[in-house]
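>>> I'll drop the sequence and a predicted model, then ask my questions.
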Amino acid sequence: MVGRRIVVASWVADAVFAVGVIPIAVGIDDLDGVAVGVSLALFFGSLLVWSWAFAVAVARSAQGDDIVVANLFGTMGSAPRDLRWHLFGSLGVCIAIAAATAVANPFGVLVPMLPLGFVGLWAARHGTFPERRDPPRRR
């Protein structure tokens, strides 16, 4: 599978998130600081992933690829079905964990930005995009 490390990183981030926040959601309040730290670390990691995805997309756009947000973060048609299932499945699991633990750990609602960033990173690195057409020149 092309981009396997990105997919694995997305699922590993979900596992780290779950292990870090589920204990406080079930009442182990002693781990509140750990949950906040894990949530914020994953969120700040997402900022790095988003920046990386954006930089790669800009470089590819400069080389002539027509990259738009829908193609980058929706991977419309450029990713194989099983890969899309993994990337968006990881995003869905992360959203479910964040929703289930939001009362105990409000910072967790920031974490789904990470798997969404991995979607964009995969598309920026491995996606296929049409060639950019130059707009008609005005006289």
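Alright, I've got the coordinates. Residues are numbered from 1 along each chain as shown.
>>> okay, and for the protein, where does confidence drop off?
Counting by pLDDT under 70, the chain shows low-confidence ranges at 76-77, 135-136, 139.
>>> hey, where'd the helices end up in it?
4-25, 32-62, 69-74, 81-101, 113-126 (DSSP state H).
>>> Which one of those lies nearest to residue 132?
helix 32-62 (7.0 Å; Cβ to Cβ). Every residue, glycine included, has its C-beta placed from N, CA and C.
>>> Just want the angle from the closest one to helix 4-25.
150 degrees (axes from the mean of the first three to the mean of the last three Cα atoms, to 10 degrees).
>>> burial count for residue 71?
Residues contacting residue 71 under the criterion other Cβ atoms under 10 Å number 21.
>>> sorry, that was for residue 52
Counted with other Cβ under 10 Å, residues neighbouring residue 52 total 15.
>>> Contact partners for it?
Shown in contact with residue 52 (Cβ atoms under 8 Å, 6 or more residues apart in numbering): 121, 124.
>>> and it, how far is that from residue 124?
Residue 52 is 8 Å from residue 124, where distance means Cβ to Cβ, to the nearest Å.
>>> I'd say residue 79 and residue 87 touch.
Yes - between residue 79 and residue 87 there is a contact at 7.1 Å, judged by Cβ atoms under 8 Å.
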